[in-house]
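K.L.:
Provide a 3D model corresponding to the input given below.
(2 chains)
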Amino acid sequence: MTTALALQYLVAGLTYGTIYAVVGIGFNIIYNTTGIINFAQGEFVMLGGMTAASLHRLLPLPLAVLGAVALTTLVGAAVELTFIRWLRRPSVLRMIIVTIGVSILLREAALHLWGEGVRSLPYFTGDEVTALELGGARVSPQVLWSLATCGAVVVALQLFFHRTRTGREMRACAANREAAALCGLATRDLVTLSFALSAGIGALAGCVVSPITYTRYDIGASLALKGFTVAILGGLGNAGGAVAAGFLLGTLEAFSIAVLPAAYKDVLAIAILLLILFLRPSGLFGDRELARLGAS
Amino acid sequence: MPRARHLQLALLAAAVVAVQLGADAAGKPFWLTQLTMAAYGGLVVIGLCLFMGYAGQISLGHAGFFAIGGYTAAALTTADLTPRRGAALVELAARVHLLTLRPDLYGGELLTVRPWPAALAAVALAALVAALLGVPVLRLKGHYLAMATLGFGTVVSAVVVGTEGLGAADGLSGVPPFELLPGLAVAGGAEARAQNYYLAWGLVGLGMLLLLNLVHSREGRALRAIHGAEDAAGAMGIDAPRAKLRAFVLSAAFAAVGGVLMTHYTGGIGPSEASVMRSVRYVALVAVGGMGSLWGTLLTGTVLQFLSLRGVFGSFDDAVFGATLILVMLFAPEGLLRLELPAGLRAALARRRPPPAEG
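P.N.:
Next up is the predicted model:
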């Protein structure tokens, strides 16, 4: 493998890595405030890409992306308001099953709305053949868009959680829900907000990578699996860890294509997930004790 | 109370006969075909019910075990060994009567494994995979267990689609009938429809008998203790990991048996049988039947599968199962047969009041 080729794989890996990272962060946001792993996380990414592609027929690109993010955010809030709120003291088993049900409904709704076809947004700058030369590898500007968006999301979330009142309230809710409620925080609404937020960033990621990876009604399930792998690998609740793990998984996948048949690409992520779960459920960068408590 | 169990099984037998007579009288004998398929799906569902409802675990990968069973049986009974006649293994298998010569569609002859050894190998393989997977996976709980089993299901699905030898996207077809006993074969076709219907439901009855006896035994009580509180069960001297593993392997074997028989009945198997959506569907059927109720699971599972196979839900098939999952979990977590709508409504109305603190 030449250096240029290796670099090319690396770039491809980073592109996929951004989307895994953002899905992983989405898992984290909801997990932190509720203790729920939202199996419908991948569907938010799909909804973002699909809605933006449809809106783009009527609106200029920036407005289409904005509209898609806003709509998906509303869907996220609606999911929480319609389904999650109803459950009083739910068991983990019930929560899992409900979010799986939600993911199926979103997927089927997308199938009936948009059909089985593949959709995508146009490239944000240039077109599919525009490329920057980087040490012999060709890098599409869209890759830079994805990386920048991922970085912006992480920074914005960091600021939100540490510098704003609502963000601090959400962290309080995550640390101890009962104590937060006793302090007068509307923990229920904070949970709704966490669903809206993670749906919104999922949709944004879905828009940004859509020109490269394309969007189909059924991409959610495998994204959820990989996002979860990334969330676990980075340590549940650790956004920085999720980003690092996302890039790691994306890169490993990209290089695996050189060795394995493409059909087995998903198998690699799952093998990593299973290995991590067996060997170190707290993740590479996570807190052992936290994961043990969270697992029960 | 074995007498109660015998009465229940007698009721099942009566219902099976009544449905057959009803279908005949209504002039819809083809219903029996879907009911036969629902019975084989029912084997998967009641096995999963043991693992989910009684042991309190979750598996999002049971379609994987169904597929391991079905694909192994299909591959062994359709792969022509004639070109490998000279190989030592093939000669040995032929010597101990594992192989059979049968005419193929085009008038030639196929040398394949007999259905019985193929079926045993298929179920043994599924059980072995379950045991190997179960040792590490069953240490996990909740979301982790769900994701790990989902991952297993995805791997099986990806392997099936990606392997040319298993027909890739087309699946395998041309699977011969499975002669369980002389003159009693699992096979499609209108002439043996009623016979196959009774055969399938007889097997379901056997499976139910086995599981009912199991859940009312020491083993079943141990599983329920694990469901209630695993640490406490451990303190009582129950070897929780081993009990969970046995339940997992047994439920995987049930799924594989369902897969083998369904494959012989329909004459083939395709990758959709291995899909994750299929696994979710099995979970939905168990949930609708009320997690911890074998009879409830069998009843609602049969009805829903029958309706789905008849195409009643049209293109909304998967959506119906998704919606069912949510509604059952919201309003009837004990299953559709123990629906407590007033309680569900009360909870809905109580939303206005300040919620009790939650952990």
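
K.L.:
and the top helix by length along chain B, is it in reach of chain A?
P.N.:
Counting residues, the longest helix found in chain B (DSSP state H) is helix B:240-266. No: looking at helix B:240-266 against chain A by C-beta under 8 Å from any C-beta of the partner chain, there are no contacts, and the closest approach is 13.6 Å. Every C-beta, even on glycine, is put in place using the N, C-alpha and C of the backbone.

K.L.:
Quick check: next helix or strand after that helix?
P.N.:
Downstream of helix B:240-266, the first helix or strand assigned by DSSP states H and E is strand B:268-269.

K.L.:
Can you report how many residues neighbour the closest residue to chain A within the stretch 201-350 of chain B?
P.N.:
The nearest approach of the stretch 201-350 of chain B to chain A comes at B:Gly322, 3.0 Å away (C-beta to the nearest C-beta). Other residues lying near B:Gly322 total 25 when counted by other C-beta atoms under 10 Å in any protein chain shown.

K.L.:
Check whether it really touches A:Ile97, as I assumed.
P.N.:
No: contact criterion C-beta atoms under 8 Å: B:Gly322 and A:Ile97 do not qualify, at 10.4 Å.

K.L.:
Now list whatever residues contact both of these two.
P.N.:
Residues touching both B:Gly322 and A:Ile97 (C-beta atoms under 8 Å, 6 or more residues apart in numbering or on different chains): B:Ala284.

K.L.:
Helices of the chain, start to end?
P.N.:
I went with chain A, as the question did not name one. Going by DSSP H, chain A shows helices at A:3-34, A:41-55, A:61-79, A:92-114, A:141-163, A:165-175, A:177-182, A:187-213, A:220-233, A:239-259, A:265-279, A:288-295.

K.L.:
nope, chain B
P.N.:
B:2-25, B:31-49, B:62-78, B:88-95, B:115-137, B:142-162, B:193-215, B:218-228, B:230-235, B:240-266, B:276-288, B:294-309, B:317-331, B:341-349.

K.L.:
Quick check: the residue nearest to the residue of the stretch 201-350 of chain B closest to chain A when sequence neighbours are not counted vs B:Phe316, distance?
P.N.:
Residue nearest to B:Gly322 in three dimensions, not counting chain neighbours: A:Ile104, with 3.0 Å by C-beta to C-beta, 6 or more residues apart in numbering or on different chains. Using C-beta to C-beta, to the nearest Å, A:Ile104 is found at 11 Å from B:Phe316.

K.L.:
Now do the same contact list for the residue in the stretch 151-296 of chain A positioned nearest to chain B.
P.N.:
Nearest to chain B in the stretch 151-296 of chain A, going by C-beta to the nearest C-beta, is A:Ala263, at a distance of 2.9 Å. For A:Ala263, the contact set (C-beta under 8 Å, 6+ apart) comprises B:Ala158, B:Val161, B:Gly162.

K.L.:
How about B:Ala131?
P.N.:
Applying C-beta under 8 Å, 6+ apart to B:Ala131 gives the contacts B:Leu245, B:Val249.

K.L.:
Kindly provide the distance from it to A:Leu274.
P.N.:
For B:Ala131, the distance to A:Leu274 - C-beta to C-beta - is 15 Å.

K.L.:
can you check B:Glu219 too?
P.N.:
Distance from B:Glu219 to A:Leu274, by C-beta to C-beta: 28 Å.

K.L.:
Would you mind naming what in the stretch 151-296 of chain A lies close to chain B?
P.N.:
A:177-178, A:181-182, A:188, A:221-222, A:225, A:228, A:232, A:261, A:263-264, A:266-267, A:270-271, A:273-274, A:277-278, A:281, A:295-296.

K.L.:
Weed out the non-buried ones from those residues.
P.N.:
Applying 16 or more other C-beta atoms under 10 Å in any protein chain shown to those, the neighbour count classes A:177, A:181, A:188, A:221-222, A:225, A:228, A:232, A:264, A:266-267, A:270, A:273-274, A:277, A:281, A:295 as buried.

K.L.:
and the residue of the stretch 1-150 of chain A found nearest chain B, what pLDDT?
P.N.:
Closest contact between the stretch 1-150 of chain A and chain B, by C-beta to the nearest C-beta, is at A:Ile104 (3.0 Å). On pLDDT, A:Ile104 comes in at 91.

K.L.:
hmm, which helix or strand of chain A has the shakiest average pLDDT?
P.N.:
Least confident helix or strand of chain A, by mean pLDDT, DSSP states H and E, is helix A:288-295 with a mean of 44.

K.L.:
which residues of the stretch 151-296 of chain A score low on pLDDT?
P.N.:
By pLDDT under 70, the low-scoring segments of the stretch 151-296 of chain A are A:280-296.

K.L.:
Show me the residue at the heart of chain B, geometrically.
P.N.:
B:Val44 (1.3 Å; C-alpha atoms, centre = their mean).

K.L.:
Tell me the confidence at that residue?
P.N.:
On the pLDDT scale, B:Val44 gets 95.

K.L.:
residue contacts, it?
P.N.:
With C-beta under 8 Å, 6+ apart, B:Val44 has these contacts: B:His62, B:Phe65, B:Phe66, B:Phe254, B:Ala255, B:Gly258, B:Gly259, B:Tyr282.

K.L.:
Likewise for A:Gly115?
P.N.:
Contacts of A:Gly115 by C-beta under 8 Å, 6+ apart are A:Tyr217.

K.L.:
Give me the local confidence score for the closest residue to A:Ile37 other than its chain neighbours.
P.N.:
Excluding its sequence neighbours, the residue lying closest to A:Ile37 (C-beta to C-beta, 6+ apart) is B:His143, at 4.1 Å. Here the pLDDT value assigned to B:His143 is 81.

K.L.:
what do you get for B:Tyr54?
P.N.:
85.

K.L.:
Would you enumerate the residues in contact with it?
P.N.:
B:Val215, B:Gly220, B:Leu223, B:Arg224, B:His227, B:Ala247, B:Gly292.

K.L.:
Can you flag the buried ones in these?
P.N.:
B:Val215, B:Gly220, B:Leu223, B:His227, B:Ala247, B:Gly292.

K.L.:
Wait, B:Gly267 touches B:Val186, no?
P.N.:
No: B:Gly267 is not in contact with B:Val186 according to C-beta under 8 Å; the separation is 10.3 Å.

K.L.:
In terms of packing, which of these two has more residues around it?
P.N.:
Summary of the neighbour comparison: B:Gly267 and B:Val186, criterion other C-beta under 10 Å, with B:Val186 having more neighbours (26 against 17).

K.L.:
Against B:Ala200, how distant is that one?
P.N.:
Counting by C-beta to C-beta, the gap from B:Val186 to B:Ala200 is 8 Å.

K.L.:
ditto for A:Val230
P.N.:
44 Å.

K.L.:
who has more neighbours, the two?
P.N.:
Applying other C-beta under 10 Å to A:Val230 and B:Ala200 shows that A:Val230 carries more neighbours, namely 33 against 25.

K.L.:
Determine the number of other residues adjacent to A:Leu193.
P.N.:
22.

K.L.:
Distance of it relative to B:His6?
P.N.:
Using C-beta to C-beta, we find A:Leu193 at a distance of 56 Å from B:His6.

K.L.:
Check A:Thr192 too.
P.N.:
52 Å.

K.L.:
Same question for A:Phe255.
P.N.:
For A:Phe255 relative to B:His6 (C-beta to C-beta), the value is 61 Å.

K.L.:
Look at those two and report which has more neighbours.
P.N.:
A:Phe255 (17 against 12).

K.L.:
Of the helices of chain A, which is nearest B:Ala93?
P.N.:
In terms of C-beta to C-beta, the element of those nearest to B:Ala93 is helix A:265-279, at 30.9 Å.

K.L.:
tally of neighbours for the nearest residue in space to A:Ser198 that is not next to it in sequence?
P.N.:
Excluding the flanking residues, the one nearest A:Ser198 by C-beta to C-beta, 6+ apart is A:Gly26, at 3.7 Å. Counted by other C-beta under 10 Å, the residues lying close to A:Gly26 total 33.
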